[in-house]
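>>> no letters, just coordinates:
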């Protein structure tokens, strides 16, 4: 019976998905020789060549394609076995990884994770942050169990479940010039501090201004919602942010918060692989996220 590890299976799938040993190594956080060694050991265990180089990079051999088709079945069989055993345990345990944006991580997840920790101390919940495309790709590659992302989100073999809709608001320092009705036209002359390019939030803001006939011309582009709020509090400009970022009293200190016109919204959704085996721990995390969607933190 050939002997190989699940790490080798995951590395094999990732190398083919990314088309590069080097990129796969970067994703896994290990060296390129270590990735090559895992693939070589897997091929030695199976006594067949699985990956070959072509003019366009890497591709699976015929044997590799056959083996790849069975990888998901192997992973699902093991996950199902683990889940069956876990059903005999009274306590919810195991590990679950959530992927989401930085703003949601800071303002929505802490109370949710605190409740999970108190209710299920043997359950370990990890968090990874990134933009929607990064999170969706990590879910596809099974590096993240549950994604909480801004729509639209697209991917292969994914189950996407809208969770809740959130309003955006305009924020400015308390002593800044008052704008009675924040619209694209009324905000256009003012210095804008905005999220950096590449995020779904930035794209929504750009589309809102564009629909109002205004080209976005920010004075600052930052990757952190807390950095944006600090700059705004300092009177260096205004910003448009998700409402959850200023929902708590302490988050609104030093800021004037106003609704924008026309309204600007984003829809958050849960993203999972369709073939994901949902453990008891994952079910508890999903329930908590869905409850947060009905009653956002604040």
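Looks like it arrived, so ask away. What you see is a predicted model, and the numbers here were worked out from it, not measured in a lab.

>>> would you mind identifying the next helix or strand past the longest helix out of those in the chain?
In the chain, assigned by DSSP state H, the helix with the most residues is helix 62-86. Helices and strands here follow DSSP states H and E; after helix 62-86, the next one along the chain is strand 94-100.

>>> quick one: mean pLDDT for that next one?
Average pLDDT, strand 94-100: 93.

>>> got the contact list for it?
By CB atoms under 8 Å, 6 or more residues apart in numbering, the residues outside strand 94-100 that reach it are 86, 109, 122-130, 134-135, 138-139, 143-149, 279-282, 285, 289. (Each C-beta comes from the backbone N, C-alpha and C, glycine too.)

>>> just checking, next helix/strand downstream of the longest strand along the chain?
Scanning the chain for the longest strand, with DSSP state E as the assignment, gives strand 158-173. Following strand 158-173 in sequence order, the next helix or strand is helix 184-187 (DSSP H and E).

>>> after that next one comes which helix or strand?
Past helix 184-187, the next helix or strand by DSSP H and E is strand 193-195.

>>> re the thing from before, so which elements touch the longest helix of the chain?
Secondary-structure packing of helix 62-86 (3 or more CB pairs under 8 Å, 6 or more residues apart in numbering; DSSP states H and E): helix 6-18.

>>> tell me what angle the helix or strand following the helix it packs on forms with helix 6-18.
Scanning forward in sequence from helix 6-18 by DSSP H and E, the next helix or strand is helix 21-28. Going by axes from the mean of the first three to the mean of the last three CA atoms, to 10 degrees, helix 21-28 is angled at 120 degrees with respect to helix 6-18.

>>> list the buried ones in whichever helix or strand comes after helix 21-28?
Scanning forward in sequence from helix 21-28 by DSSP H and E, the next helix or strand is helix 32-46. For helix 32-46, burial by neighbour count (16 or more other CB atoms under 10 Å) applies to 35-36, 38-39, 42-43.

>>> name every strand pairing with the longest strand of the chain and say which way it goes.
With DSSP bridges as the test, strand 158-173 is paired with strand 239-242 (antiparallel), strand 255-259 (antiparallel), strand 265-273 (antiparallel).

>>> lovely, talk soon.
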